[in-house]
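Participant: my questions concern the predicted model and sequence given below.
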Amino acid sequence: MATIAEKISTKDALITVRKRGEGHQINDPGLSAEIRRAYGLWRRIKALEAELSEAKALIVRRAEDLRAGGHTVAFETEGITCTVAMRYEAEIPEKNLRELRRLLGRRFKDLVRVKTRYSGTSRLVGEAGQEVLGLLRLRRLSPQFKWGVTDSFNTASSTLKLRKGYK
């Protein structure tokens, strides 16, 4: 007869694996523990991100007040340096290209970057044969995570807004 500790660890180690609409269960205590640990870390990070966002918003407001026309402001307090760089992205509508080229003259090539990019979808990569794959430059991206809470997970924060990806 199994002890209570054995029953709990076996129950906690059960993982439902779903692929292509089908599911089966495995018993993996290490993986189960890491999933629970990662979920807890993710929840704490989300809470800290909100707090950090508020602090950064205040710092940016003060930097905008104090920058005096420049693009960068550095604050230093008690040995901590915080540099705030105001950054901009300038998209040029195609209808304005000719006029911008005229106004900038020879500086156009120095000041304007032209980007033309073709990228395959994940479906292309999944369905492509070797001949097509040979024509692509593949770069493995970071895996995306999506966290959720089942009804059986007893937590007050089960209504967290879920976002794909991680940073």
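Facilitator: Noted; the coordinates are in hand. Residues are numbered from 1 along each chain as shown.

Participant: got the contact list for residue 74?
Facilitator: Residues near residue 74 by Cβ atoms under 8 Å, 6 or more residues apart in numbering: 81-84. Any C-beta I mention is one placed from the backbone N, CA and C, and that applies to glycine too.

Participant: ok but it is inside a helix, no?
Facilitator: No - going by DSSP: H, G, I helix; E, B strand; the rest coil, the assignment for residue 74 is strand, not a helix.

Participant: who does it form a beta bridge with?
Facilitator: Per DSSP bridges, the residues bridged to residue 74 are residue 83.

Participant: how close does it get to residue 59?
Facilitator: Computed as Cβ to Cβ, to the nearest Å, the residue 74 to residue 59 distance reads 11 Å.

Participant: which neighbours do those two share?
Facilitator: Jointly contacting residue 74 and residue 59 under the rule Cβ under 8 Å, 6+ apart are 82, 84.

Participant: list the beta-bridge partners for residue 18.
Facilitator: Bridge pairing for residue 18 (DSSP bridges) gives the partners residue 23.

Participant: make a PyMOL selection of the buried ones in the contacts of residue 74.
Facilitator: A single PyMOL command selects the buried members of these (16 or more other Cβ atoms under 10 Å):
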select buried, resi 84
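
Participant: now do the helices in this protein.
Facilitator: In the chain, helices defined by DSSP state H lie at 4-13, 29-66, 97-104, 108-111, 122-127, 130-133, listed in chain order.

Participant: for the protein, which spans come out with low pLDDT?
Facilitator: Scanning the chain for pLDDT under 70 picks out 1-11, 151-167.

Participant: on that earlier part again, name the nearest of the contacts of residue 74 relative to residue 96.
Facilitator: Using Cβ to Cβ, residue 84 comes nearest to residue 96 of the contacts of residue 74, at 30.0 Å.

Participant: do you know how far residue 109 is from residue 101?
Facilitator: Distance from residue 109 to residue 101, by Cβ to Cβ: 10 Å.
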